[in-house]
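>>> 3D model of this:
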Amino acid sequence: MPSREKLLEVIAIQTEVARLGLDLGGVMDLVVQRTLGLVAADGAAIEMAEGEDMVYRATAGIADGSLGLRLHRDRSLSGMCVALGGAQCCDDAQVDGRADQVACRNVGLRSMIVVPLRHHDETVGVLKAMSSRRMNFNTHHVKLLELLSELVGAVMYHATRYAPSELFHKATHDGLTELPNRGLFLDRLRAALAVATRERRSLAVVMLDMNGLKAINDRFGHRVGDAALREFALRLAACVRQADTAARLGGDEFALLLHPGAGDEQAVLQRLGDCVDGRFSHQGLELPVSASLGLARFPDDGLDPLDLLERADQRMYEDKRARCLARGLPA
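Reported below is the predicted structural model:
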């Protein structure tokens, strides 16, 4: 039996979950973060059952870069957990045939516990605790996650059925700008890469950093900074095609997924710069709005989402340094 302290920790997490009510995104983010400490995990994820796939919809720790990852139900321990309706343990993913070994290597996990998130007879997803070490978990850890999952499963069940389209939108879009968030962007990028690989096409990823946001926040306050972010997002969304995706990754970072036909690199960057650069009038203030940009192409600059984003990010910072030097500012 788990220790009294750990049982009290489960109760504390359940209390926090109850306070969040039907805020699906908030509940999932809270649970994966608190799972790390609860069972001494290196990573955690909540996967939603969506058609034939299990999709990473909330992540923490070593799983953070895998938001939006899709696992096939028939070839993953998560899918087995849903099918059997009970907790599944894996002591070594490198030799366990039930696990998606490629996905496990990419995430960096070696051992894991997967428990179903159920309400009555329906499973809405799974909670997964991960470790980079073999045989990291024991039966006490399984029991703790099972206890935690009872309330979490019920909350998620009701959340996905109460105004489901609104809740899905809230879970996948940035609340300030209404652009797709990081999770939805990565989901669309992975899907686009699969098509591009199959059809031998190229695509591009652009990273954008809104220049001067900190200065606006420091001088005029976050309310004005938020208005500038919304204006930046509107300009960005207006200059991409319907098939493309503009997203806010967080803070002053934005990203674009550009499908074939967007044009050559310099033309794309010039067009984007022309769209977002310019002054912004707000409550009698004239504020400069501009962006530093970096573009990466598949397959030349990388084959997976994180490689492409990293390369685009590097080029974006090169552009930012060049802009600073041109203005005589520290790079």
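
>>> could you say which helix or strand holds Ala49?
strand 43-50 (DSSP states H and E).

>>> pull the distance from that strand to the chain's centre.
11 Å (C-alpha atoms, centre = their mean, to the nearest Å).

>>> give the partner strands of the next helix-or-strand element following that strand in its sheet and their orientations.
From strand 43-50 onward toward the C-terminus, using DSSP H and E, the following helix or strand is strand 53-61. Here strand 53-61 is paired, per DSSP bridges, with strand 43-50 (antiparallel), strand 70-72 (antiparallel).

>>> quick one: the most centrally placed residue in the chain and Arg57, what's the gap?
Geometric centre of the chain, nearest residue: Gly183, 3.0 Å, by C-alpha atoms, centre = their mean. Gly183 sits at a distance of 7 Å from Arg57 (criterion: C-beta to C-beta, to the nearest Å). Just so you know, the C-beta spots here come from the backbone N, C-alpha and C atoms, and that holds for glycine as well.

>>> any common contacting residues for these two?
Taking C-beta atoms under 8 Å, 6 or more residues apart in numbering as the criterion, Gly183 and Arg57 both touch Leu67, Ala171.

>>> the nearest residue to the residue nearest to the centre of the chain once chain neighbours are set aside: how many residues sit nearby?
Distances taken as C-beta to C-beta, 6 or more residues apart in numbering place Leu67 nearest to Gly183, at 4.4 Å, with adjacent residues excluded. The tally of other residues near Leu67 (other C-beta atoms under 10 Å) stands at 20.

>>> again, but for the one 10 residues further on
The tally of other residues near Leu77 (other C-beta under 10 Å) stands at 23.

>>> what do you get for Leu234?
Leu234: 14 surrounding residues under other C-beta under 10 Å.

>>> same deal with the one 4 residues further on?
Residues lying near Ala238 (other C-beta under 10 Å) number 10.

>>> what of Ala18?
Summarising burial for Ala18: neighbours were counted as other C-beta under 10 Å, giving 11.

>>> please, where are all the strands along the stretch 1-150 of the chain?
For the stretch 1-150 of the chain, applying DSSP state E, counting those that start in this stretch gives strands covering 43-50, 53-61, 70-72, 88-90, 111-119, 122-131.

>>> of all those, which lies closest to Arg235?
Closest approach to Arg235 among the strands of the stretch 1-150 of the chain is made by strand 53-61 (29.3 Å; C-beta to C-beta).

>>> Three-state assignment for the residue nearest to the centre of the chain, please.
The three-state label given to Gly183 by DSSP: H, G, I helix; E, B strand; the rest coil is helix.

>>> so what's it up against?
Arg57, Leu67, Gly68, Ala171, Thr172.

>>> hmm, the second one is touching Phe185, no?
This points to Leu67. No - here Leu67 does not reach Phe185: they are 9.1 Å apart, not a contact under C-beta atoms under 8 Å.

>>> I'd like the mean pLDDT over stretch 223-239, please.
Here the mean pLDDT over stretch 223-239 is 90, rounded to a whole number.

>>> give me the buried positions along that stretch.
Applying a neighbour-count criterion of 16 or more other C-beta atoms under 10 Å, one finds Val224, Gly225, Ala227, Ala228, Leu229, Arg230, Glu231, Phe232, Ala233, Arg235, Leu236, Ala237 buried in stretch 223-239.
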